[in-house]
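3D model of this:
(one chain, ligands or ions: 2)
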Amino acid sequence: MSDTKNTGRTLKPHSPLLAKNDLIAQQNRQFFESKGIHVINVLSSPGSGKTTLIGKILSGWRDRHRAAVITGDLATENDADRLKQVVSQVVQINTGTACHLDARMIAEALEKIDFSGIRLLFIENVGNLVCPTMFDLGETRRMVVLSVTEGEDKPVKYPGLFGTAQIVVINKKDLAEYVEFDRDTALEGIRKTAPNATIFEVSAKTGSGMNALVTHVTGGIDPERS
Ligand SMILES: Nc1nc2c(ncn2[C@@H]2O[C@H](COP(=O)(O)OP(=O)(O)O)[C@@H](O)[C@H]2O)c(=O)[nH]1
Ligand SMILES: [Mg+2]
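Numbers count the residues shown, from 1 in each chain. Ligands and ions are numbered 1, 2, ... in the order given. Purely as a prediction, here's the structure:
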């Protein structure tokens with residue numbers, strides 16, 4: 001599987017906090033690489049469908065017993081409870097007041113996961129289109145989700161976050177006509193802000209478009225790698 005790893009490395013640390021985060025993220029990345037684990041950091045605003053999408057992608061993956069999820073929220077175990085219906089290893093991080101996950105939180109969560117046989121790790125970030133941008137977690141790829149209900153202008157309004165994506169998912173396409181979603185403008189904005197990202201248009205609810213996304217996310221993962 002291609003591994004562009006441009007998250008974090010292209011972000012210039014401009015504070016001791018970010019420099020420290022990058023150091024721990026690098027350690028996380030070395031750990032993932034040594035174990036052959038592909039890590040996807042999922043980012044979006046609250047309610048665009050991160051948890052639903054992760055659940056649907058894993059439901060559609062034959063080798064989902066080889067997946068684990070770390071999910072971040074300010075409060076509640078709700079997302080972990082939902083995802084435990086699909087995979088057995090789910091760790092919930094409650095950030096309290098913090099509006100993003102950081103590399104240290106991930107390093108601590110990794111201690112709670114049995115990685116024998118695990119090949120794919122999803123990290124669901126805290127719902128926010130700004131704060132998580134600069135915080136590399138050691139992920140292999142970033143998947144940014146835009147739901148049609150948020151409006152077609154979000155990619156150009158939040159170019160920082162969209163610009164770090166290798167995958168952009170337009171979700172809730174079943175609702176597009178009801179909210180008069182301007183698809184062309186959205187696609188233009190994504191291509192402008194995230195020119196190298198692969199774009200998917202899906203409905204996690206109806207399953208429309210999901211097969212291609214599942215194949216893209218899981219396609220190059222060799223479950224038998226020792
Ligand atoms: N109509 C529709 N609703 C969706 C879709 N995907 C997610 N939802 C709903 O949107 C709400 C928020 O989804 P959730 O996965 O919790 O979003 P998150 O906050 O980004 O993790 C839930 O009520 C989901 O059932 C979709 O494709 N279509
Ligand atoms: Mg969620």
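
mind listing what the residue nearest to the spatial centre of the chain touches?
Central residue of the chain (C-alpha atoms, centre = their mean): V42, 1.4 Å from the mean position. When contacts are counted by C-beta atoms under 8 Å, 6 or more residues apart in numbering, V42 touches K50, L53, I54, F122, I123, E124, N125, R142, M143, V145. C-beta coordinates here come from the backbone N, C-alpha and C atoms, glycine included.

can you report how many residues neighbour the residue in the chain that ligand 2 sits nearest to?
Per C-beta to the ion, the residue of the chain with the smallest distance to ligand 2 is T51, at 3.4 Å. When neighbours are counted by other C-beta atoms under 10 Å, T51 registers 23.

packing partners for the helix or strand that contains it?
Here T51, judged by DSSP states H and E, is contained in helix 50-59. When contacts are defined as 3 or more C-beta pairs under 8 Å, 6 or more residues apart in numbering; DSSP states H and E, helix 50-59 packs onto strand 38-43, strand 67-73, helix 78-83, strand 120-124, strand 167-171, helix 210-218.

quick one, which of the ones you listed gets closest to ligand 1.
strand 167-171 (5.0 Å; C-beta to the nearest ligand atom).

and that closest one, what's buried?
Under the neighbour-count criterion of 16 or more other C-beta atoms under 10 Å, strand 167-171 has I167, V168, V169, I170, N171 buried.

E224: which of those residues is nearest?
I167 (24.4 Å; C-beta to C-beta).

pretty sure the closest one is touching R141, no?
Yes. Counting by C-beta atoms under 8 Å, R141 is a contact partner of I167 at 6.2 Å.

which neighbours do those two share?
Common contact partners of I167 and R141 (C-beta under 8 Å, 6+ apart): I40.

for T215, give me the pLDDT.
Reading off the confidence values, T215 has pLDDT 97.

also the one 3 residues further on?
Looking at T218, its pLDDT reads 96.

pLDDT weak spots in the chain?
1-14, 225-226 (pLDDT under 70).

can you tell me which helix in this protein is longest?
Using DSSP state H to assign secondary structure, the helix with the most residues in the chain is helix 16-35.

next, the buried residues of that one.
L18, N21, D22, I24, A25, N28, R29, F31, F32.

try stretch 72-90
Residues G72, D73, D79, A80, L83, V86, V87, Q89, V90 are the ones in stretch 72-90 that count as buried (16+ other C-beta under 10 Å).

pipe those into TSV and attach distance to V217 per row.
Converted to TSV, the buried residues of stretch 72-90 look like this (distance: C-beta to C-beta, whole Å):
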residue	distance to V217
G72	19
D73	22
D79	18
A80	20
L83	15
V86	14
V87	14
Q89	18
V90	17
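
and the protein, which residues reach ligand 2?
Contact residues, the chain versus ligand 2 (C-beta under 5 Å from the ion): K50, T51, D79.

what about P155, how many residues close to it?
27.

measure it to D79 for me?
24 Å (C-beta to C-beta, to the nearest Å).

equivalent analysis for G96, please.
G96 is 16 Å from D79, by C-beta to C-beta.

again with T185
Applying C-beta to C-beta, the value for T185 to D79 is 30 Å.

ok, W61 next?
Distance from W61 to D79, by C-beta to C-beta: 18 Å.
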